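J.: turn this into a model:
(6 chains)
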Protein chains: 4
Amino acid sequence: MSPRTEEQFELIRQEKRQLIMDTALELFAASGFENTTITQIAKKAGISKGLLYNYFISKEELLEAILNKGIDDMLAGFDPNKDGILDNMEMEFFITQTFRMIKENRKMWKLYIAISFQPSVYKVIENRSKELYEPMVRMMNNYFQDNRFENPQIETFMFSALMDGIAMDYIMAPDIYPVDDVVKELINRYCKQK
Amino acid sequence: MSPRTEEQFELIRQEKRQLIMDTALELFAASGFENTTITQIAKKAGISKGLLYNYFISKEELLEAILNKGIDDMLAGFDPNKDGILDNMEMEFFITQTFRMIKENRKMWKLYIAISFQPSVYKVIENRSKELYEPMVRMMNNYFQDNRFENPQIETFMFSALMDGIAMDYIMAPDIYPVDDVVKELINRYCKQK
Amino acid sequence: MSPRTEEQFELIRQEKRQLIMDTALELFAASGFENTTITQIAKKAGISKGLLYNYFISKEELLEAILNKGIDDMLAGFDPNKDGILDNMEMEFFITQTFRMIKENRKMWKLYIAISFQPSVYKVIENRSKELYEPMVRMMNNYFQDNRFENPQIETFMFSALMDGIAMDYIMAPDIYPVDDVVKELINRYCKQK
Amino acid sequence: MSPRTEEQFELIRQEKRQLIMDTALELFAASGFENTTITQIAKKAGISKGLLYNYFISKEELLEAILNKGIDDMLAGFDPNKDGILDNMEMEFFITQTFRMIKENRKMWKLYIAISFQPSVYKVIENRSKELYEPMVRMMNNYFQDNRFENPQIETFMFSALMDGIAMDYIMAPDIYPVDDVVKELINRYCKQK
DNA sequence: GATGAATGAGGATTCATTCAT
DNA sequence: TATGAATGAATCCTCATTCAT
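T.: Alright, predicted model coming up:
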């Protein structure tokens, strides 16, 4: 009856932590952060409330962990620091990649947007958000400048709005929104030779 | 010292009701529905909690009233039941009008979107939302068909995404977003003779 | 059915606040701060838990209020800032007064001492304590100097220890400790012409 | 690699048990019994929570063990059952010895006093306390009677109060309290030929 | 109409203790 | 012997709502 090894414990911790985060995200996305109780999360995850607090020091820290993980995944998913000139292929890849990530992390993004609409409450994600958005915007701006769009500034706003709008509409109604067709059209407009 | 007439009382009631709604909206938009307490609203409105419940039977009904008022205003602001053919001028008017309403009711829209991201809460306004969206979508669809856009179906999705995205981006950062310029460009693209 | 006047509300608040403090002190003194629950206090006071939090923002703030009130009472009970020369009568008055206050506020002092033994936890009363002790010690020192005791410094320590020890022993066993006799002896020793 | 003998195991057990008690005392004295968690104790002692429960069946039993050990030490430190006549030397020895023990077990005494101020907790050590106090009081009484103090009864109360008060004041501020000087004066007053 | 004291159900969090390994 | 994940009862605290005045 020797005790578990360090590795065994670590494995247990990793798995349980992920289980809690997944379960919480599910519920947060469905009902919102405030409308989800720790009891609900614990019950759905099949663990006790106490154990949850063994992994996250508070409900809010659990939220942060989920959002940070989501942002990390997004950042890892593409290279936004592309400083050189983006050609059409690369832009197409960026768009495809972005929506692939959004589709894979739909619930996280739903939560993320919901939280973003309460800035005074959740300054938590403010900094992480900038990490994500600023390089993206810079990249878009470069693209529209380099590819001689008429008004790169405004084009960036329009394109961003399109990305955001498509993402939003898709997230709101994932089952019926023809996201692939719309994205294809988006690529058509922005990544083809003029 | 003549006693107030029935109408005067009614007027006072209406004004107080509106005061409560305005105050609540302010707070809901800033911190979210769940993070705003009845006590906060009453204090900011300068009335007692008891009186607030004289005007609204519950916190949720107060929310509904605010959202319904917002949707009513929006519906009143344009004629979405336009069945005939929309010409470019009319489309331009629709866009201008829409963003004028959004700018005027920014906080209400912020609240509205935040609520929309919580399905379990969203049911409160689900039906009213459809009242607003469905005719809009029908109208857009008609416009793109009538004006011989290549793929009216997809065009409607793209255009809606643009509208939603611009609105969202503006609402998120109203102080720095160049909404007028972006909307002008939107009109340029969609309301000019081909 | 006109609402209560400001004064009526204020009266209610004063009385209820005092009721809560009295009840809490009773329990804190009997079982200690940590071993007393808000539920116990509320039940004993005949009110709801919620109401308690209408008067005190936290359990700890309730403790502070009780201790501060006790210290205020003590400070009001005698003039520790006596800078001039204390004669025997005045010293006798000081001793008598002190023990009168201790007897009247026995439970508060029990709580106060118990709390004092956890300095790392309750820095709360540190400052207030100084307010109370420092002038007392200064006064004693003056007395022993002015009245030509052999070693005023050490005499102050001895006298303080006696006061503290008597108070402590009395508080521990108020029903059987002959505090009046002991205090009489104390006065005999320290306030009679040599 | 010879297997440890039974005695070696027992020795290890004793040492670990003592380590836990020392660690716990440290924390109990600093923050109080209730404010110290088992987790804190285990972490500071460098062992697991489970192991701690291998040595003590409950947190309360750990407290009892600490206090009992302290009382045992105290009892072993002097002979309170002196039935014959105590001379001045012996009284001096008693006082010196007592404060030497208090200084050596300062934290234990801090805890002991803190506990004593919570009747509902005090029962844990009530009986052991009597074992310690009653013979002491009897001894003092005898001394004052035998040495023809005017009012031995009251003198016992005064002397006890002095002992308690000095101990208390020292324990409260061990770093600045001139305990040696004060004790010397105490001896001066009570152990010198009249 | 108007007030704010009062309620109590419900939520987040803590922690002594257990137990599989 | 030794580990720390896991439990759940208990605790503090919140807040929408009610109600006597």
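J.: so A:M101 versus chain B, what's the distance?
T.: 18 Å (CB to the nearest CB, to the nearest Å). Where you see a C-beta, it was placed from the backbone N, CA and C, and this is true even at glycine.
J.: report the spatially closest residue to that residue, excluding sequence-adjacent ones.
T.: Once its chain neighbours are removed from consideration, A:M101 has its nearest residue in A:G77; the separation is 4.6 Å (CB to CB, 6 or more residues apart in numbering or on different chains).
J.: burial count for the one you found?
T.: The burial count assigned to A:G77 is 15, neighbours taken as other CB atoms under 10 Å in any protein chain shown.
J.: burial count for A:D87?
T.: A count of neighbours around A:D87, defined by other CB under 10 Å, yields 13.
J.: could you list the low-pLDDT ranges of chain A?
T.: Along chain A, segments meeting pLDDT under 70 span A:1, A:79-84, A:121-122, A:193-194.
J.: what segments of it are helices?
T.: Counting by DSSP state H, chain A has these helices, from start to end: A:6-31, A:38-45, A:49-55, A:59-77, A:88-104, A:106-116, A:126-146, A:152-172, A:179-190.
J.: need those in a markdown table with distance to C:Q145, can you?
T.: As requested, the helices of chain A are arranged in a markdown table below (distance: least, CB to CB, whole Å):
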| stretch | distance to C:Q145 |
| --- | --- |
| helix A:6-31 | 66 |
| helix A:38-45 | 63 |
| helix A:49-55 | 59 |
| helix A:59-77 | 59 |
| helix A:88-104 | 81 |
| helix A:106-116 | 68 |
| helix A:126-146 | 63 |
| helix A:152-172 | 80 |
| helix A:179-190 | 89 |
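J.: distance to DNA strand F for these - can I get that in TSV?
T.: Formatted as TSV, the entries for the helices of chain A read as follows, by distance: least, CB to the nearest atom of the strand, whole Å:
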stretch	distance to DNA strand F
helix A:6-31	4
helix A:38-45	8
helix A:49-55	2
helix A:59-77	13
helix A:88-104	27
helix A:106-116	17
helix A:126-146	22
helix A:152-172	26
helix A:179-190	37
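J.: break chain A down into its domains, please.
T.: As recorded under automatic domain parsing, the domains making up chain A are A:1-56, A:59-190.
J.: to B:I41, which of those lies closest?
T.: domain A:59-190 (15.5 Å; CB to CB).
J.: end-to-end on that closest one?
T.: Separation of the first and last residues of domain A:59-190 by CA to CA, to the nearest Å is 42 Å.
J.: now check it, is it near DNA strand E?
T.: Yes: if you take CB under 7 Å from any atom of the strand as the test, domain A:59-190 does meet DNA strand E, through A:K59, A:E60.
J.: with adjacent residues omitted, what lies nearest to A:I85?
T.: Here the nearest residue to A:I85 in space, its sequence neighbours aside, is A:D146; by CB to CB, 6+ apart that works out to 4.7 Å.
J.: sorry, slip of the keys, the one I care about is A:S129.
T.: For A:S129, ignoring the flanking residues on the chain, the nearest one in space by CB to CB, 6+ apart is A:S116 at 7.2 Å.
J.: and that neighbour, how far from chain D?
T.: Between A:S116 and chain D the distance, using CB to the nearest CB, works out to 37 Å.
J.: can you check A:M158 too?
T.: When CB to the nearest CB is applied, the distance between A:M158 and chain D equals 56 Å.
J.: and for A:V183?
T.: The spacing between A:V183 and chain D, counted by CB to the nearest CB, is 51 Å.
J.: residues near the closest residue in space to that residue that isn't next to it in sequence, how many?
T.: Here the nearest residue to A:V183 in space, its sequence neighbours aside, is A:F99; by CB to CB, 6+ apart that works out to 5.1 Å. The burial count assigned to A:F99 is 20, neighbours taken as other CB under 10 Å.
J.: follow-up on the earlier one: wait, what's in contact with the residue nearest to A:M101?
T.: In this structure, A:G77 makes contact with A:Q97, A:T98, A:R100, A:M101, judged by CB atoms under 8 Å, 6 or more residues apart in numbering or on different chains.
J.: give me that answer again for 10 Å
T.: A:Q97, A:T98, A:R100, A:M101, A:I102, A:E104, A:N105 (CB atoms under 10 Å, 6 or more residues apart in numbering or on different chains).
J.: and A:A65, by the same measure?
T.: Shown in contact with A:A65 (CB under 10 Å, 6+ apart): A:R17, A:I20, A:M21, A:A24, A:L25, A:Y55, A:F56.
J.: identify the farthest-apart pair in those.
T.: Greatest spatial distance among the contacts of A:A65 (CB to CB): A:L25 and A:Y55, at 14.2 Å.
J.: neighbour count winner among these two?
T.: For A:L25 versus A:Y55, the count of surrounding residues by other CB under 10 Å is larger for A:L25: 24 against 17.
J.: okay but the residue nearest to A:S129 is in contact with B:M172, surely?
T.: Yes: checked against CB atoms under 10 Å, the pair A:S116 and B:M172 is within contact range at 6.8 Å.
J.: list the residues that contact both of these two?
T.: Common contacts of A:S116 and B:M172, defined by CB under 10 Å, 6+ apart, comprise B:I113.
J.: okay, A:Y112 and B:M172: tell me how far apart.
T.: In this structure, A:Y112 lies at 12 Å from B:M172, with CB to CB, to the nearest Å as the measure.
J.: okay, the two: which has more neighbours?
T.: The residue with more neighbours, out of A:Y112 and B:M172, is A:Y112; 22 against 16, by other CB under 10 Å.
J.: list the contacts of that one.
T.: A:29, A:66-67, A:70-71, A:74, A:105, A:125, A:128-129, A:132, A:171, B:117.
J.: at 6 Å what do you get?
T.: A:L67 (CB atoms under 6 Å, 6 or more residues apart in numbering or on different chains).
J.: what's the spacing between it and C:V182?
T.: With distances defined as CB to CB, the gap from A:Y112 to C:V182 amounts to 71 Å.
J.: could you do A:I166 as well?
T.: When distance is defined by CB to CB, A:I166 is 86 Å away from C:V182.
J.: what about the two, which has more around it?
T.: Comparing A:I166 with C:V182 by neighbour count (other CB under 10 Å), the higher total belongs to A:I166, at 27 against 22.
J.: in this structure that one contacts B:A161, no?
T.: Yes: with contacts defined as CB atoms under 6 Å, A:I166 counts as touching B:A161 at a distance of 4.4 Å.
J.: separation between whatever residue of chain A ends up closest to chain D and DNA strand E?
T.: Proximity to chain D, evaluated over chain A using CB to the nearest CB, is greatest for A:P3 at 8.4 Å. When CB to the nearest atom of the strand, to the nearest Å is applied, the distance between A:P3 and DNA strand E equals 4 Å.
J.: ok, now A:L11?
T.: When distance is defined by CB to the nearest atom of the strand, A:L11 is 12 Å away from DNA strand E.
J.: and that residue, how many neighbours does it have?
T.: Burial of A:L11 is recorded as 12 neighbouring residues (other CB under 10 Å).
J.: now do the one 10 residues further on
T.: A:M21 has 21 neighbours, counted by other CB under 10 Å.
J.: OK, contacts around it?
T.: Contact partners of A:M21, counting by CB under 6 Å, 6+ apart, are A:I66.
J.: any idea how far it lies from A:E104?
T.: From A:M21 across to A:E104, the span is 15 Å (CB to CB).
J.: what does A:M140 give?
T.: Relative to A:E104, and taking CB to CB, A:M140 is found at 22 Å.
J.: looking at those two, which is more packed in?
T.: Neighbours around A:M140 and A:E104, counted as other CB under 10 Å, are more numerous at A:M140. The numbers are 22 against 13.
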